[in-house]
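Asker: need a structure here:
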Amino acid sequence: MRSAIRIFILSLSLLVANQVQALNVVVSIPPLAAMVMPLLDEDDELHVLLSPGASPHGFQLKPSHMRQIQNADIVVSVGTGIDAWLLRALRNYDGSQVVMRQQPGLVLLPKRDGGIWQDLDHDHAHEHDHGHAEDEAKPLEDIRTDGHIWLSYQNARLLIQEFSQQLQALQPLRQGAIVAREQATLDSLNEAHQAWWLKMEPYQAQRFVVMHDAYQYFEQSFGLQALGTIHVNPEVPPSMRAVQDLRELIRGQKVKCIFKEPQFPESRLAPVLQGLEVSIGTLDPLGFDGKVQPYEAFYDRLVSDFTACFQ
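Answerer: Residues are numbered from 1 along each chain as shown. Below is the predicted model of the structure:
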């Protein structure tokens with residue numbers, strides 16, 4: 001009888017230990033890591049597949065990435081053309097997944113044509129090749145949707161909530177701590193969003209041009225007035241006609257700021273800006289320099305970099 005009790009206690013101990021063991025979390029791009037990091041325990045491991053400074057456009061997984069995915073307890077992805085390079089790797093993955101694009105209530109905006117946007121209310125939908133991998137294999141509704149959905153504050157909240165649910169399911173003994181961290185994260189995000197709005201409100205009338213169309217959710221969040229992009233496809237330089245049209249736009253609209261991106265060489269701006277009096281700012285839709293920070297820090301840098309260009 002005592003032997004049976006000892007075996008039961010040992011089995012229960014092993015079960016409890018297994019339930020609270022450190023988790024291995026893999027995310028496709030840095031902003032997702034920024035969202036989920038505050039919910040993790042200090043012993044949990046968090047891996048970002050996209051390398052610092054790399055562009056998600058045309059990104060390819062290495063064997064080391066494949067091993068990380070197969071060893072993951074949870075894989076978090078955007079689920080749009082941005083990280084379509086992850087699709088094949090997940091076909092043989094049987095662990096937990098959180099896909100941002102699949103969350104109910106997600107804010108979704110129509111994809112815009114690159115180049116000059118004549119209609120500044122941004123309510124029009126266009127179909128064009130944005131250069132993301134495997135677009136041809138995605139549903140038509142996704143091809144028409146702007147895939148940079150992590151730049152929406154509301155979408156970030158949805159992913160944080162879903163990730164919390166997945167964590168609780170995997171580690172029920174840590175449920176209380178996970179729920180507390182989730183609430184603290186959402187409260188902090190609400191407070192930060194109010195501060196961002198106050199900081200961005202004075203710039204709603206300022207018109208600007210970006211390197212490529214990655215910021216529509218950012219623009220919509222604060223009522224900003226982007227006039228267009230230098231690149232239609234991030235991997236292809238603009239035509240001479242497009243360059244001339246952009247130069248005329250910048251002069252005619254008295255554009256003050258052009259925003260480059262660290263993932264693309266600044267030399268791509270030279271044909272457009274030569275001889276024009278315009279400030280060059282930097283916006284980073286990925287916000288990763290090798291160290292994962294909370295989403296508030298990622299977004300605060302985006303807001304600060306935007307406003308700095310107009311000062």
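
Asker: residue ranges with poor pLDDT in this structure?
Answerer: 1-20, 118-143, 234-235 (pLDDT under 70).

Asker: after the longest helix anywhere in it, next one along is what?
Answerer: Determined from DSSP state H, the single longest helix within the chain is helix 175-200. On the C-terminal side of helix 175-200, the closest following helix or strand by DSSP states H and E is strand 207-210.

Asker: in that next one, what's buried?
Answerer: 207-210 (16 or more other C-beta atoms under 10 Å). Backbone N, C-alpha and C define where each C-beta goes, glycine included.

Asker: given it, what are its sheet partners and their directions?
Answerer: strand 225-229 (parallel), strand 257-260 (parallel) (DSSP bridges).

Asker: make a markdown table out of those and add distance to residue 83.
Answerer: Below are the strands paired with strand 207-210 laid out as a markdown table (distance: least, C-beta to C-beta, whole Å):
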| stretch | distance to residue 83 |
| --- | --- |
| strand 225-229 | 21 |
| strand 257-260 | 23 |
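
Asker: burial check on the closest residue to residue 192 other than its chain neighbours, number of neighbours?
Answerer: Leaving out its chain neighbours, the residue that sits closest to residue 192 by C-beta to C-beta, 6 or more residues apart in numbering is residue 296, at 4.3 Å. The number of residues packed near residue 296 is 19, by other C-beta atoms under 10 Å.

Asker: in three-state terms, label residue 296 for me.
Answerer: helix (DSSP: H, G, I helix; E, B strand; the rest coil).

Asker: now the strands: where do they sit in the stretch 1-150 of the chain?
Answerer: 24-27, 45-48, 74-77, 96-99 (DSSP state E, counting those that start in this stretch).

Asker: TSV please, covering these and showing distance to residue 181.
Answerer: Formatted as TSV, the strands of the stretch 1-150 of the chain follow (distance: least, C-beta to C-beta, whole Å):
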stretch	distance to residue 181
strand 24-27	14
strand 45-48	14
strand 74-77	15
strand 96-99	16
